[in-house]
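**Student:** please work out how this folds:
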Amino acid sequence: MAVAKVIEVLSEGDTIEEAIQSAVKEVSKTVKHVKQINVVHIEGIVEKNKITKFRVNSNISFIVDR
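**Tutor:** Purely as a prediction, here's the structure:
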């Protein structure tokens, strides 16, 4: 039986997709067996009436080595 763990991650990007990819890329540097990302919250950073960045709060799950 596999055991999974979930961690909460905040990440930023020029697009929503870039912010999500950034979260997975950074977590994958130190965590093996990443299986899923669940985006909990998306926000846009506004400067001079224009969205300049997106931030995502997400949960990433991975299989724990036993």
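
**Student:** alpha carbons only for contacts and neighbour counts from here, please
**Tutor:** Fine.

**Student:** nearest spatial neighbour of the residue most central in space within the chain, skipping sequence neighbours?
**Tutor:** With distances taken as CA atoms, centre = their mean, the chain has Ala23 as the residue nearest its mean C-alpha position (3.4 Å). Excluding the flanking residues, the one nearest Ala23 by CA to CA, 6 or more residues apart in numbering is Ser11, at 5.5 Å.

**Student:** hang on, the one you found packs against Val24?
**Tutor:** No. Between Ser11 and Val24 there is no contact under CA atoms under 8 Å: 9.3 Å.

**Student:** in the chain, what spans have low per-residue confidence?
**Tutor:** Scanning the chain for pLDDT under 70 picks out 66.

**Student:** all helices for it, in order.
**Tutor:** Taking DSSP state H as the criterion, the chain contains helices spanning 16-28.

**Student:** so what's Ser22 up against?
**Tutor:** Counting by CA atoms under 8 Å, 6 or more residues apart in numbering, Ser22 touches Ser11, Glu12, Gly13.

**Student:** now tabulate these in TSV and tack on distance to Asn59 and neighbour count.
**Tutor:** Shown next, in TSV, are the contacts of Ser22 (distance: CA to CA, whole Å; neighbours: other CA atoms under 10 Å):
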residue	distance to Asn59	neighbour count
Ser11	11	19
Glu12	14	22
Gly13	17	18
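
**Student:** picking up where we left off before, hmm, Leu10 and the residue nearest to the centre of the chain touching each other?
**Tutor:** Yes. Between Ala23 and Leu10 there is a contact at 7.1 Å, judged by CA under 8 Å.

**Student:** ok so, going back, what residues are shared contacts of Ser11 and Val24?
**Tutor:** Here Ser11 and Val24 have no joint contacts, going by CA under 8 Å, 6+ apart.

**Student:** measure Asn59 to Gln36 for me?
**Tutor:** Distance check for Asn59 against Gln36: by CA to CA, to the nearest Å, it reads 8 Å.

**Student:** tell me which of the two has more neighbours.
**Tutor:** Taking other CA atoms under 10 Å, Asn59 and Gln36 do not tie; Asn59 has more neighbours (18 against 13).
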